[in-house]
Every structure is written in C-alpha cells, then in structure tokens.
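A.B. asks: The following block contains a protein sequence and its predicted model.
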Amino acid sequence: TAGCTFEEDGDPNQCEYSQGEDDDFEWELIRSYMMPHLTADLPHGSYLMVNSSQHAPGQKAHLLFQALSENDTHCLQFSYFMYSRDGHSPGTLSAYVRVTGGPVGSAVWNASGSHGHQWHQAELAVSLFWPSEYQVLFEAVVSSERRGYLGLDDILLLNYPCSKAPHFSRLGDVEVNAGQNATFQCVAAGKAAEAERFLMQRQSGEVVPAASVKHISHRRFLATFQLDEVSKEEQDLYRCVTQSSRGSGVSNFAELIVKEPPTPIAPPQLLRAGSTYLIIQLNTNSIIGDGPIVRKEIEYRMTSGPWSEVHAVNMQTYKLWHLDPDTEYEISVLLTRPGEGGTGKPGPPLISRTKCAEPMRAPKGLVFSEIQSRQLTLQWEPLGYNLTRCHTYTVSLCYRYFVGTGHNQTFRECVKMERNANRYTIKNLLPYKNIHVKLILSNPEGRKEGKEVIFQTDEDVPGGIASESLTFTPLEDMIFLKWEEPVEPNGLITQYEISYQSIESSDPAVNVPGPRRTVSKLRNETYHVFSNLHPGTTYLFSVRARTGKGFGQTALTEITTNISGRFPWAPRLVESESTITVLLRPAQGRGAPISTYQVVVEEDRPKKLKRELGGQECFPVPLTFDDAMSRGSVHYFGAELPASSLTEAKPFTVGDNQTYSGYWNPPLEPKKAYLIYFQAMSNLKGETRLNCVRIARKAACKESKRPLEVSQHSEEMGLILGICAGGLIVLIILLGAIIVVIRKGKPVNMTKATINYRHEKTHMMSAIDRSFTDQSTLQEDERLGLSFMDTHNYGNRG
C-alpha cells in the first residue's frame, strides 16, 4: 500500500502530491493536535481541508496525486469530509482521472452537500495500465452558500481490486465509416450498486449515457454505448465510467476512428461512344477519403430520367450496353472501403451522349385528305422516338410528275417538313396528273425511304389550243382545218367546238358579217373540212377544247378562201404551119374579178411528161420569148390581154408575129409541136391568184395537113363507133343475163342491172375522154392544179 495519510510521521516517499497551479487557492493541511483552538466542526487528525467561508463562491482548489503506472489490478481509495453545521452545502468535491499528457476531461466522481460530521470512504477502480500513466486530481469548489468544510484524507493506492466500484475490462478501439452508428461495449467485473450510473466520457469532456446495461452474471455486466451517425468531427478518445457515492470505475481510453468513404476527384473519361453503348475509363487514381478500396462501381442514369443503375466493375475500362440512341447520360464512379456504409458519394459525373442510330423505317400511312386540280393535301403517321431513333431528324416529302405529253421531262421537288408535322399541302401542281409521292426519314446516321404512292390530281378546264398549231388548206368553196390537242389538256378531252363566221369578202353578194356556225368534234377528231363557203371570203375560226370541268380558252385564226377564174370551153378555129387560131372566152371570176389574161406557148417535146388533167402547174413567172430563149425555157408568154379587152369570146391567133402588152407573139416553127395554154390572173389584197387551162395542141409540120384532117375525122368516127359498139355489147350481155335468170325461174333486179350499165358506161366514157385528150382534142373546163397558185404566198399556203 502506498499513498498519503498526511500524518506527520508518515513516509514522504509514499505520498507525493502537489497543489494545483491553475486554481484559486490552496488546500490547507490540518493537524488537530497542533491547533488548541480548533473548532468543533472539524474532526481530529491530520488531513487537507477547505474552509468555504473563507473563499468566494465558485473558487476552486486542486490537489494532484502522484502519477501512477500500474501493471496489475489496483484500487485508489480516499476519504472525504463534507460538513456544515446548519446543513448547508459547503461545496462540491470531484475526482478527475487524467491520462498523462491529456486534458483533465470530465469528473469521474463527485459529491456535494453536507454529509454529516464524519468521514466517508470512496474508491476509484481505474483500469489503465502500463505503459500508460494517469493522474488523479481532486477539486474542491466553494458553494454559493459559503458555509462548512470540505476535507480529504487517506489517499491510498491498494494492490487489490476495489470492493465498492467495478473494474472495466480493456476497451478496444472502434472504427466506423462516416455516417454510421458507432457502438462501444464496456464489460465490467465487480459489484455494482443499484444507483450506479454508467457513462461514456469523451476526452474533450462530453458525456454520453449508456444505451443499455446487461448483467452477464451476478458480478459481471455489459454496458453498451452508441453514437449515432458519427462524423469525422466526432473522432476522439472515449472511456467508460460508473458513478456512485461509494466510488467510480474508469476504463482506459479507446479511440473512435471515423473513416471517410472514398470518392474520386476526377470524373470518368469517355473513350468511345456508339448509338447504344459508351466505353469509359474509371479514372480513380486520385480520391478524397480513406482507403483501402475494396469495390468499384459505375452509377449511370439519364440526365432527364429519375432512375439510375449501378454496375460493379473490376477493370479500369467499362462498356455500358443497351443504351438508348441520342440520349444524354450522367455517369459517376462509386468507390467502397471496408465496413458498413463504406461506399462513398458518387464522384464528379461524366455527361455524355450516345450517337444517333439509323431510323427503324420510313414513315407509313401516307394518304390524301384533300385532292384538288392544282393542289394535294397529304397526311401520314406521327413520328415517335422509337422510329426516328434520334432527336435530330428530318422528314422530307419528295414528289414528281411528268411535264407535257411525253415522259421525257419530269418535275421533281423535295420539301423539308417542319418538326412534328404530319400534314402538308403540295401546291402549284398540274391538273389530271399522276403525282408520285414518297416520304424520306433521315438522321445523321442514315435514311429510310418509303414506297412511292401515286395520287392523281383532279381535272380542270383545259388550256388554250396553241394558235400556231392551227394549220389549214383553203380552196375556193371549202377549207380544211387541222389543230392539235392543248399543250395543257388538264384532264380528259371530251369534245372540241369549232365556230366560224364570215367577216370580210370581195364579193359584194356575200353578207358580212355572216351568221355564226358551230361544229362539235369528238376528242380523237382534230380536223374538219368546212364546205359550201364563198370564194374570196375571210372567215374567223375559233377552236376550243372541253373536259369534264368545262371549256378552255379559245384559239382564233382568220382564213380566206381562194379566188379563181373558171374558163368556158374554147374550141380551136384554124391551124397553119406557123400559126394556130383558137377562140378565147372570158373566165368567170370566183371571189375576185379577173384582172389579166395571158396566152402561154410551151414546146411539146417527145420526152417531156405529158401534163395530166388536174396536175398542171400554172405559170407564175412571166417570160418573154427572148427571156425563154436565153434561159433555155420551154415556154414563153405570147400575149397578155387586159380583162376589159375580153368581155366576150374572141378568136386569137398564136404565132401572128404581133406584140401584146410587151410580149411578142412570134410565128411557130413548123417542125415543132406546141401546147397552147390560156391563163387568168386575179388580184386581191396584194395577193395574186392564177388559173390556167390547155386549150390546143399544134403538131409538127412533118404530119401533112390532109392526113391530119383524115386522122381527126377518123378519130371522131372511131369515137362514135366505139360508143355504139360498147353499148351494143352491154345490151347483149344484159339480155343474156335476163334469159338465163328467166330459165332458172329467178326474178331479175332491173335497178341493179341499170346501175351496172351506167357504171360501165361511165368508165368507158372516161377512157374515151382521156384518149380524146391525148389526140389534141379541145378540153372543156380543164383546170390544171388542185388550187390556185399564189406567186407571193404559194409556199406558205402549200
């Protein structure tokens, strides 16, 4: 046993104590045998005492016991005296156990008030062993009443366990992660009083009550202390303490170690991005918090979504699969250290977007909502993200149609639709056209084209027939008119309507303007022959087409019928070796009066093709005999007679060696054969019309006149005999047919027989007529040409 009894004869080596330096006054050593006038309030003996009446309230006096370092169980025992005559509290007496080098901390034992005029004994069971040292500090604090005495005596260190205070087993350190609950379990051996208080003291002075006390046996119990959701600031030294009036048990200090879960300093790094994946590098070389790292995880979520997923990772790189295209993701790294709650907060996030994926397909459901003649309104299915697979996409509506009647020209156009639009109106189309339409969905990664759908625009009134497409051939009393279909039919042409009216005429007998007449033609008839017209008359024609929507614009043109002169039969009068005399009769003007007559002489060469009836071309260019000789021409003008000089039939001698209006009529060469033509000229509005007829043929002089006359008479007789013979043959055939029919008993169709007879007779007369013409007979009203030739406009009119 070691300690302090404060006796005069005590061993000073066994008692080491000192007064405090940071207190207000000193403890007073009392030896009653040396104080004859000692008050009766104080006990006898040697001890340390504080007189509260001599100090101010709250003032303190400290007494430090020697530093202790024990290897075995021991007990610190002391006696205390607290008395006031009137029962008032003299103050508070406290005991502190301070680890050497540490703060004083909280009192492990204390007593206050007046405890009677006697000494009391208390024990401190300190479970602190070598090499740690501790020191017990006793503190007296004067009460506010300032009455009575506080005494301290017999501070002894015993080498056996305390009987009045339990001893704690060694308290171990506790390590937890920040935010978790820390639990200390203090096991104590000994007898605990019923009023025993179990506390946990923090080295800095904070006191925590026990959460629970469990008796393991009658002399052993377990006290549990819990610190909720500890943080780094709560990391400190803690010890278990029991308190009662008989003493206190004090454990060693154990450390509460609070570890901060690790968190990466830098965000993960993106290595590659695809439409449905992201490859990242964790980038966990630098962290905030405590290790070691036992697990790495990837936490990712859509930046606009509420959900998140966590994947465990065992490599520095990781590939996130099955992501949505063109979607922004927030990716963080989670690190975990040992212990519950060892997963740190997510590190700085990597915000990255996946690429777009190729569209699933083209938009479907392309239908029309309205069709007009020149515009088409279409609609299709609304597009969703599952179809576009990209937030950046375009929908193009492409259409085409053929321009014109052929398929060699095509109009094409693609229109970019506005976002979220599923309806569009195509304008400025052509009526009655097949419009080929398709939808194209495209994004940065690809495009999908839909199938072409054909829509037909409605009909419209047709466009006008082009005026330049109107072609015509005018004759004297008829006009052949032809036109083309409108360039823009705008539908199915069902009808053409042609109206015409006379608006001007050179014939005063024609009423102008005349009545308006209308002709309708079917869609496949683009021509018409207008007959019973007046010669030399201008007609206004209007042509327009019709569809189911109505008539289109009208094309107008003016056409003038031809003018001509009709010659009566002009017989030959007399013929000599160098002349031939013919009878000239005035022509009948049609549409315009005759202005001039011309006699044309043409050499009849053997190899020259004969001019057939109706195929004769007139002579638009006048040639004198000298001009014809110099040019090598076979014809020349022998005379030009004004119309006023031929009001009635007159004989004219070709080759009389006279000059008529500047044209010389030279004698004919006897050894040559000649063809004689009579030509009439009409002028109307600056245009010249010609009509000519062959009136005679003169043979060469080697044919004697007599034989010619005989030949002529023979030809006439032959003609008569031929007619008679032909009629007789037809009659015989007819009679034979009647006899055969009668014998067979069949009736005879006399009408048909008569018609056949007339038909045969017509052919015979035609053949005779042609033969007669070849033999230089005079022709009656023989016109050479289908139409009058215009010396100015012949090419255009053709």
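C.D. replies: Perfect, thanks for sending it.
A.B. asks: hey, let's count contacts and neighbours off CA atoms from now on
C.D. replies: Fine.
A.B. asks: Touching, residue 557 and residue 465? I think so.
C.D. replies: No. With contact defined as Cα atoms under 8 Å, residue 557 does not reach residue 465; the gap is 11.3 Å.
A.B. asks: and residue 103, how far is that from residue 227?
C.D. replies: 22 Å (Cα to Cα, to the nearest Å).
A.B. asks: When the two are compared, which one has more neighbours?
C.D. replies: Just comparing residue 103 and residue 227: by other Cα atoms under 10 Å the higher neighbour count belongs to residue 227, 15 against 12.
A.B. asks: Number of residues surrounding residue 143?
C.D. replies: If we define neighbours as other Cα under 10 Å, then residue 143 has 23 of them.
A.B. asks: quick one, what contacts it?
C.D. replies: 52, 57, 58, 89, 90, 91, 92 (Cα atoms under 8 Å, 6 or more residues apart in numbering).
A.B. asks: quick one, what contacts the residue lying closest to it once chain neighbours are set aside?
C.D. replies: Leaving aside its sequence neighbours, residue 143 sits nearest to residue 91 (Cα to Cα, 6 or more residues apart in numbering; 4.1 Å). Contacts for residue 91 (Cα under 8 Å, 6+ apart) come out as 52, 112, 113, 140, 141, 142, 143, 144, 146, 150.
A.B. asks: got the phi/psi numbers for the residue lying farthest from the centre of the chain?
C.D. replies: Going by Cα atoms, centre = their mean, the residue of the chain most distant from its centre is residue 36, 117.3 Å out. Dihedral pair for residue 36: phi -70, psi -30, per degrees, to the nearest 10.
A.B. asks: How about residue 625?
C.D. replies: Phi and psi for residue 625, reported as degrees, to the nearest 10, are phi -60, psi -40.
A.B. asks: Neighbours of it, how many?
C.D. replies: When neighbours are defined as other Cα under 10 Å, residue 625 has 20 of them.
A.B. asks: contacting residues around the nearest residue to it once chain neighbours are set aside?
C.D. replies: Distances taken as Cα to Cα, 6+ apart place residue 636 nearest to residue 625, at 5.3 Å, with adjacent residues excluded. Contact analysis of residue 636 by Cα under 8 Å, 6+ apart lists 600, 601, 602, 622, 623, 624, 625, 627, 628.
A.B. asks: pLDDT weak spots in this protein?
C.D. replies: By pLDDT under 70, the weakly predicted segments of the chain are 1, 10-12, 192-195, 404-407, 564-572, 606-616, 702-720, 740-798.
A.B. asks: per-domain residue ranges of it.
C.D. replies: 2-158, 167-258, 263-354, 367-457, 467-561, 564-605+619-698 (the TED database).
A.B. asks: mind giving me TSV with the ones you listed and columns for distance to residue 724?
C.D. replies: Converted to TSV, these look like this (distance: least, Cα to Cα, whole Å):
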stretch	distance to residue 724
domain 2-158	173
domain 167-258	148
domain 263-354	110
domain 367-457	64
domain 467-561	39
domain 564-605+619-698	25
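A.B. asks: closest one to residue 733 among those domains?
C.D. replies: Nearest of those to residue 733, taken as Cα to Cα: domain 564-605+619-698 at 36.2 Å.
A.B. asks: now that closest one, how far from the centre of its chain.
C.D. replies: Put simply, domain 564-605+619-698 sits 84 Å off its chain's centre (Cα atoms, centre = their mean, to the nearest Å).
A.B. asks: for stretch 265-285, same thing?
C.D. replies: 32 Å.
A.B. asks: contact partners of it?
C.D. replies: With Cα under 8 Å, 6+ apart, stretch 265-285 has contacts from 264, 286-288, 316-326, 331-333, 347-350, 352-357.
A.B. asks: Mind checking which of those are buried?
C.D. replies: 264, 287, 318, 323-326, 331-333, 347-350, 352-357 (16 or more other Cα atoms under 10 Å).
A.B. asks: so of the residues you listed, which ones are in strands?
C.D. replies: 264, 287, 318, 331, 332, 333, 350, 352, 353 (DSSP state E).
A.B. asks: Same list, those, but as JSON lines with distance to residue 208 please.
C.D. replies: Shown next, in JSON lines, are these (distance: Cα to Cα, whole Å):
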{"residue": "264", "distance to residue 208": "35"}
{"residue": "287", "distance to residue 208": "34"}
{"residue": "318", "distance to residue 208": "47"}
{"residue": "331", "distance to residue 208": "42"}
{"residue": "332", "distance to residue 208": "39"}
{"residue": "333", "distance to residue 208": "38"}
{"residue": "350", "distance to residue 208": "44"}
{"residue": "352", "distance to residue 208": "49"}
{"residue": "353", "distance to residue 208": "52"}
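A.B. asks: Greatest separation within these: which pair is it?
C.D. replies: Within those, 287 and 353 form the most distant pair, 25.7 Å apart (Cα to Cα).
A.B. asks: Residue 424 versus residue 401, what's the distance?
C.D. replies: From residue 401 to residue 424 the distance is 17 Å (Cα to Cα).
A.B. asks: residue boundaries of the helices in the chain?
C.D. replies: For the chain, the helices defined by DSSP state H occupy 385-388, 625-631, 705-744, 750-774, 794-797.
A.B. asks: picking that back up, of all the contacts of residue 636, which comes closest to residue 654?
C.D. replies: residue 601 (8.2 Å).
A.B. asks: For the nearest residue to the closest one once chain neighbours are set aside, which residues are in contact?
C.D. replies: Among residues not flanking residue 601 along the chain, residue 676 sits closest, at 5.0 Å (Cα to Cα, 6+ apart). Shown in contact with residue 676 (Cα under 8 Å, 6+ apart): 599, 600, 601, 602, 694, 695, 696, 697, 698.
A.B. asks: same deal with residue 254?
C.D. replies: Counted by Cα under 8 Å, 6+ apart, residue 254 has contacts 171, 172, 173, 174, 237, 238, 239.
A.B. asks: Separate out the buried members of those.
C.D. replies: 171, 172, 174, 237, 238, 239.
A.B. asks: The residue lying closest to the fourth one once chain neighbours are set aside and residue 171: what is the separation?
C.D. replies: Nearest in space to residue 237, with sequence neighbours left out and distances taken as Cα to Cα, 6+ apart, is residue 255 at 4.4 Å. Residue 255 sits 9 Å away from residue 171, taking Cα to Cα as the criterion.
A.B. asks: what sits against the residue nearest to residue 537 when sequence neighbours are not counted?
C.D. replies: Using Cα to Cα, 6+ apart and skipping residues adjacent in sequence, the residue nearest residue 537 is residue 505, 4.1 Å away. By Cα under 8 Å, 6+ apart, residue 505 lies in contact with 512, 536, 537, 538, 591.
A.B. asks: Neighbour-wise, which one of those residues leads?
C.D. replies: residue 536 (27 neighbours).
A.B. asks: what residues are up against that one?
C.D. replies: Neighbours of residue 536 in contact, by Cα under 8 Å, 6+ apart: 476, 505, 506, 507, 560, 561, 562, 563, 590, 591, 592.
A.B. asks: 6 Å - rerun?
C.D. replies: Neighbouring residues of residue 536 by Cα atoms under 6 Å, 6 or more residues apart in numbering: 505, 506, 561, 562, 563, 591.
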